[in-house]
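**Student:** This is a predicted model, with the sequence first.
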Number of protein chains: 2
Amino acid sequence: MSTIIEPKVLKGFRDFLPDQEIKRRKILARLEGVFRSFGYVPIDTPVLEYTEVLLGKGGGETDKQVYAFTDHGNRPVAMRFDLTVPFARFMASHYSELPLPFKRYHFGKVYRGENTQRGRYREFMQCDFDCVGVDSPSADLEILLMIRGAFLAIDVPNITIRLSHRGIFNSFLQNRGLLDKSVEILRIVDKLAKIGPDQTAQLLGDLASSQQVREILAFIGATTSVTGGNLEVLARLEELAGGPTDGSGRLREILLALDTLGLSEDFVLDSSITRGLDYYTGIVYETFLNQLPGIGSVCSGGRYNDLASLYTKEQLPGVGSSIGLDRLMAALEELGTLGTEAAGSQVLIFSMDSSLGTTYHRVAQALRTEGIAAEVYLAPKKMSAQFTFAEKKHIPWGIFLGPKEEAAGTLQLKNLETRETWDDLQISQVIEILKR
Amino acid sequence: MSTIIEPKVLKGFRDFLPDQEIKRRKILARLEGVFRSFGYVPIDTPVLEYTEVLLGKGGGETDKQVYAFTDHGNRPVAMRFDLTVPFARFMASHYSELPLPFKRYHFGKVYRGENTQRGRYREFMQCDFDCVGVDSPSADLEILLMIRGAFLAIDVPNITIRLSHRGIFNSFLQNRGLLDKSVEILRIVDKLAKIGPDQTAQLLGDLASSQQVREILAFIGATTSVTGGNLEVLARLEELAGGPTDGSGRLREILLALDTLGLSEDFVLDSSITRGLDYYTGIVYETFLNQLPGIGSVCSGGRYNDLASLYTKEQLPGVGSSIGLDRLMAALEELGTLGTEAAGSQVLIFSMDSSLGTTYHRVAQALRTEGIAAEVYLAPKKMSAQFTFAEKKHIPWGIFLGPKEEAAGTLQLKNLETRETWDDLQISQVIEILKR
């Protein structure tokens, strides 16, 4: 006798049971529908790539978390830790074959050996979408419209997209002789919502004079201190930054367009939004659920001026976003917008007599032809077990057919929730009732 | 200046460009639709698992191909090489929470460090579906109906599902004192289609007398030698096997049901179908495309009596199948049934004047609201570049709107293939034409 192996799963990795997986697929399908409606197309890339391709010459914090090893051919390989780096590599490989501007989305699992104690997963799904090969206000506007469309499509219309522009902040810093410290300063400001203004000021104190710190806080606090809408806030930021710049002009154009399209309410100009990475060069944005502001941004991104510089001399500017599906799913669960879907089919055909199996399958096929998902109970078990099965799978309807009905060519239909019952129906009548 | 890293992909791994990925997703969506209509539900499992869980005490041929390594916590881990082993582990973990019989499908990438010279991939997608927790003719019948439904749904109605039953072959071998060699014999017979009867006979000659080899060849050749349909072939097999058995009784029940349902034509009883693995204990089957028999089976499987014995003492009988998506996609490509889908949207709104960006996005939004996928050309480029873009993305319609149309509140619509043009349209008229 062989011993039993414990069927355990690695820490930070998960099975998805049908109820969860159905919900996840529903959300992905709706997001996909929106992306497709904007002309975005799907791609896929390998989970495993050359380590050098994913990590470059490497050495950062991410590297320690990467699942890297040596394959059978002695090649150093690694599992992708995000979808941005593979996309950069993809564009460097394929830009000449693709229609530019190239608009793609990519749903895929990524891998990070993170500390799981903070509620993080080591395998998780990302949903990225980017428009590459163009630097225009029209492209910036489109991605913002698409984010809004995506949240509408998943029944979460109450969102706020907080946006800003890296260029204005940089002009502001330049005016104060702080441009060389911009990366550090932007990283600190990015944490404002998490650590609060006092600690932000303290951290900034190591990089700037107390007068400068006050000015930085005034700059990133303009959204709340200025009376008026986004355009008034923008005017104040321009003033603090020493006048209009290319960046502020771009942002004004976008804000005016959102106004014209009647969408201003969902968008807030917030100069405390910086996105930590130095990668971004234009607009940056984060998306918050108005009913759950505490969970932080569920969709973030911005404009960058060179996606694939690690792999090609071809300059590829773009604008893109990423949705962390796990955080989003947790939020939707909390909001109760996911619903309890029928995890199986719409109708269970109960097995009352095992000699009638063929008839049961014929009835099921007839329903499927009409677009009604139907399943036959496949084992010769007691009725009580079959009812429990229907309940566990949230199947709302039951069909009962014994020798009596077989002889008469009829069916009994039952609403399994209300227990309402229809006797002696023809299959066409069953279809009629179920289609209502 | 940093040096450029070559954006290369590992051998046996692939990027999926939009045209391919759209087709792949279309096929998966249709398969999913069929599975859902039968009450099958999706699950997912981790790509990475404990090596011991995936390989057991290990040592076989597969093991050498597995991507296995040690993770940050010094745990031996491996990437899944199929979806069957993870499903067995999944069932051992969750059977008590799940409604039994449990019917699931699973689409997922799997990894094998195989020799790529034979046109094999090291990362490929499998589509598995199984019904577990019941051993009944009804369950066997259902999976056969579902396979047929799946191929209908992907526009390949001309298939032949060749099926057999392990039990009949075993009775036949037992009658000849060859049961202890059944695994080896079944493996040889499984290769009949590949190596032909002569080589099969030669290989069998090492295991059986020449009289026995002739009998085995008669047994596996019954489909062609017997005049009549599946039931006549079955009668002949029973005769060769020394009389009816549980297995032949089960098979008769299934064949009669297929007859009653009017589907006999698509199913052929073929005792040369054995599926190499000793894992199978009941019906076994392979699916062939009538127009491309040479590519071999595109969907195979069978009944097993104990799925998860490696991980649990709970006995879980089931019946299941696997579709190799790569082979199937290659076949569909060859058959030309995949079509050239619009890889982008239905309409391109040309950018004639960059000051009209907001108007373009407004028009696009109006079309999307009506379910028409529409995209705005996002860069201020020449018309010829925009036409090329539309062509590359197979976008069939163009909308043109310059200052003149903006002033008049109208649009020009053009069929980009036929060049037919409609001037001075209202948006409602555009929608009307596009919806035709």
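**Tutor:** Right, received. Where do you want to start?

**Student:** Domain map for chain A?
**Tutor:** A:8-139+A:323-336, A:159-289, A:347-435 (automatic domain parsing).

**Student:** okay, how far is it across the first one, tip to tip?
**Tutor:** Spelled out, it's domain A:8-139+A:323-336. 30 Å (C-alpha to C-alpha, to the nearest Å).

**Student:** Could I get the domains of chain A in TSV, plus columns for distance to residue B:92?
**Tutor:** C-betas here are computed from N, CA, C, even on glycine. Formatted as TSV, these follow (distance: least, C-beta to C-beta, whole Å):
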stretch	distance to residue B:92
domain A:8-139+A:323-336	10
domain A:159-289	38
domain A:347-435	19
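
**Student:** Among those domains, which comes closest to residue B:120?
**Tutor:** Of all the domains of chain A, it is domain A:8-139+A:323-336 that lies closest to residue B:120, at 13.6 Å by C-beta to C-beta.

**Student:** Now the closest one: average pLDDT?
**Tutor:** Here domain A:8-139+A:323-336 scores 93 as its mean pLDDT.

**Student:** count of residues packed around the residue nearest to residue A:356 when sequence neighbours are not counted?
**Tutor:** Using C-beta to C-beta, 6 or more residues apart in numbering or on different chains and skipping residues adjacent in sequence, the residue nearest residue A:356 is residue A:406, 5.9 Å away. Residue A:406 has 15 neighbours, counted by other C-beta atoms under 10 Å in any protein chain shown.

**Student:** quick one, what contacts the most centrally placed residue in chain A?
**Tutor:** Centroid-nearest residue in chain A: residue A:323, 3.0 Å away (criterion: C-alpha atoms, centre = their mean). When the contact criterion is C-beta atoms under 8 Å, 6 or more residues apart in numbering or on different chains, the partners of residue A:323 are A:31, A:126-128, A:150, A:298-299.

**Student:** That one: which element?
**Tutor:** Per DSSP states H and E, residue A:323 falls inside strand A:318-324.

**Student:** Downstream of that strand, the next helix or strand is which one?
**Tutor:** helix A:325-335.

**Student:** What's the separation between residue A:122 and residue A:79?
**Tutor:** Going from residue A:122 to residue A:79 by C-beta to C-beta, to the nearest Å gives 10 Å.

**Student:** related to what we said a few turns ago, what angle separates the strand holding residue A:323 from helix A:325-335?
**Tutor:** Between strand A:318-324 and helix A:325-335, the angle comes out at 50 degrees (axes from the mean of the first three to the mean of the last three C-alpha atoms, to 10 degrees).

**Student:** strand partners of strand A:318-324, parallel vs antiparallel please.
**Tutor:** Taking DSSP bridges as the criterion, strand A:318-324 sits next to strand A:123-132 (antiparallel), strand A:299-304 (antiparallel) in its sheet.

**Student:** so how far is that strand from its chain's centroid?
**Tutor:** Offset of strand A:318-324 from its chain centre (C-alpha atoms, centre = their mean, to the nearest Å): 9 Å.

**Student:** Any idea how many residues pack against residue A:270?
**Tutor:** For residue A:270, the count of nearby residues is 24 (other C-beta under 10 Å).

**Student:** Residue A:109 is in what secondary structure piece?
**Tutor:** Assigned by DSSP H and E, residue A:109 belongs to strand A:102-111.

**Student:** Parallel or antiparallel, which strands does that strand pair with?
**Tutor:** If you go by DSSP bridges, strand A:102-111 pairs up with strand A:41-42 (parallel), strand A:123-132 (antiparallel).

**Student:** Now mean neighbour count too, for those, in CSV please.
**Tutor:** What follows is the strands paired with strand A:102-111, written out as CSV (neighbours: other C-beta atoms under 10 Å in any protein chain shown):
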stretch, mean neighbour count
strand A:41-42, 22
strand A:123-132, 23
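
**Student:** can you tell me the helix or strand for the residue nearest to residue A:356?
**Tutor:** helix A:403-408.

**Student:** Could you do residue A:202 as well?
**Tutor:** Per DSSP H and E: helix A:192-205 holds residue A:202.

**Student:** just checking, what packs against that helix?
**Tutor:** Packed against helix A:192-205 by the contact rule (3 or more C-beta pairs under 8 Å, 6 or more residues apart in numbering or on different chains; DSSP states H and E) you find helix A:182-190, helix A:210-220.

**Student:** Strands along the stretch 1-150 of chain A, start to end?
**Tutor:** Secondary structure of the stretch 1-150 of chain A (DSSP state E, counting those that start in this stretch): strands located at A:41-42, A:48-50, A:68-70, A:76-79, A:102-111, A:123-132.

**Student:** helices or strands next to the second one in the packing?
**Tutor:** Contacts defined by 3+ C-beta pairs under 8 Å, 6+ apart place strand A:48-50 against strand A:76-79.

**Student:** does the residue of the stretch 151-300 of chain A found nearest chain B sit in a helix or strand, and which one?
**Tutor:** Closest residue of the stretch 151-300 of chain A to chain B, C-beta to the nearest C-beta: residue A:257 (4.2 Å). Element membership for residue A:257 (DSSP H and E) is helix A:246-260.

**Student:** okay, the angle between that helix and strand A:299-304?
**Tutor:** Going by the same axes, to 10 degrees, helix A:246-260 makes 130 degrees with strand A:299-304.

**Student:** buried stuff in helix A:246-260?
**Tutor:** For helix A:246-260, the neighbour count (16 or more other C-beta atoms under 10 Å in any protein chain shown) marks A:247-255, A:257-259 as buried.

**Student:** Give me the neighbour count for residue A:433.
**Tutor:** Around residue A:433 there are 12 residues (other C-beta under 10 Å).

**Student:** Which helix or strand contains it?
**Tutor:** Counting by DSSP H and E, residue A:433 is found in helix A:427-435.

**Student:** does chain B sit close to that helix?
**Tutor:** No - remark: helix A:427-435 sits outside contact range of chain B, by C-beta under 8 Å from any C-beta of the partner chain, the gap being at least 13.2 Å.

**Student:** Sticking with the residue of the stretch 251-400 of chain A at minimum distance from chain B, tell me its helix or strand.
**Tutor:** Proximity of the stretch 251-400 of chain A to chain B (C-beta to the nearest C-beta) peaks at residue A:375, 2.9 Å away. Element membership for residue A:375 (DSSP H and E) is strand A:374-376.

**Student:** so what strands line up beside that strand?
**Tutor:** Paired neighbours of strand A:374-376 in the sheet (DSSP bridges): strand A:347-349 (parallel).

**Student:** The partner strand: what's the following helix or strand?
**Tutor:** Next along the chain after strand A:347-349, taking DSSP H and E as the criterion, comes helix A:357-369.

**Student:** Report the distance from that next one to the chain centre.
**Tutor:** Centre to centre, stretch against its chain (C-alpha atoms, centre = their mean), the figure for helix A:357-369 is 39 Å.

**Student:** what mean pLDDT does that helix have?
**Tutor:** 96.

**Student:** buried set for that helix?
**Tutor:** Neighbour-count burial for helix A:357-369 [16+ other C-beta under 10 Å]: A:357-365, A:367-368.

**Student:** Then stretch A:225-245?
**Tutor:** Within stretch A:225-245, the residues scored as buried using 16+ other C-beta under 10 Å are A:226, A:230, A:233-238, A:240-241, A:245.

**Student:** Count residues in the vicinity of the closest residue to residue A:27 other than its chain neighbours, would you?
**Tutor:** Nearest non-adjacent residue to residue A:27, counting by C-beta to C-beta, 6+ apart: residue A:154, 5.6 Å away. With neighbours defined by other C-beta under 10 Å, the count for residue A:154 comes to 19.

**Student:** cool, residue A:177 as well?
**Tutor:** Residue A:177 has 11 nearby residues by other C-beta under 10 Å.

**Student:** closest one to residue A:93 among the strands of the stretch 1-150 of chain A?
**Tutor:** Short answer: strand A:48-50, nearest of these by C-beta to C-beta, at 11.4 Å.

**Student:** Run the chain-centre distance for the closest one.
**Tutor:** Per C-alpha atoms, centre = their mean, the centroid offset for strand A:48-50 relative to its chain is 24 Å.
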